[in-house]
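*Asks:* Only the shape, not the letters, is given here:
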């Protein structure tokens, strides 16, 4: 039995949605270099251009400016993905 067969249909759908959003770029991503992208447009880098706290303010500004409120994902150097809320707290994670 593999890992996906033990997960619920809803979990598999969420996982599929996350992969699709990351692939098409219609989301906010924070990568392993702390680079922040809004729908593949570079916003800046945490620690160089703005603080961790300020980055979520900037993301909210971009969302309002574009009238588009996509999911926010953090992808680490091992490929693990976390879905974040608008304050940067993890809502869900995939390993």
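*Replies:* Ah, there it is. Small disclaimer: the values here were computed from a predicted structure and weren't measured.
*Asks:* alpha carbons only for contacts and neighbour counts from here, please
*Replies:* Noted.
*Asks:* Okay, now the unreliable bits of this structure?
*Replies:* Within the chain, the segments meeting pLDDT under 70 span 1-6.
*Asks:* in it, which spans are helices?
*Replies:* For the chain, helices defined by DSSP state H occupy the ranges 9-24, 52-66.
*Asks:* For residue 41, which of these is the nearest?
*Replies:* Among the helices of the chain, the nearest to residue 41 by C-alpha to C-alpha is helix 52-66 (10.3 Å).
*Asks:* Show me what that closest one is packed up against.
*Replies:* If you count contacts as 3 or more C-alpha pairs under 8 Å, 6 or more residues apart in numbering; DSSP states H and E, helix 52-66 packs onto no helix or strand.
*Asks:* what does that helix rub up against?
*Replies:* With contacts defined as C-alpha atoms under 8 Å, 6 or more residues apart in numbering, helix 52-66 is touched by 28, 38, 46, 69, 70, 86, 87, 88.
*Asks:* For the residue lying closest to the third one once chain neighbours are set aside, give its distance to residue 82.
*Replies:* So that's residue 46. Of all residues not flanking residue 46 in the chain, residue 34 sits nearest, at 5.3 Å (C-alpha to C-alpha, 6 or more residues apart in numbering). Relative to residue 82, residue 34 is positioned 14 Å away (C-alpha to C-alpha, to the nearest Å).
*Asks:* higher neighbour count, those two?
*Replies:* Shown here are residue 34 and residue 82; by other C-alpha atoms under 10 Å, residue 82 has more neighbours (22 against 17).
*Asks:* Next one: that one from residue 53, what distance?
*Replies:* Distance from residue 82 to residue 53, by C-alpha to C-alpha: 17 Å.
*Asks:* Then residue 40?
*Replies:* With C-alpha to C-alpha as the criterion, residue 40 and residue 53 are 21 Å apart.
*Asks:* who has more neighbours, those two?
*Replies:* Comparing residue 40 with residue 53 by other C-alpha under 10 Å, the one with more neighbours is residue 40, at 14 against 11.
*Asks:* Quick check: that one touching residue 25?
*Replies:* Yes: counting by C-alpha atoms under 8 Å, residue 25 is a contact partner of residue 40 at 5.7 Å.
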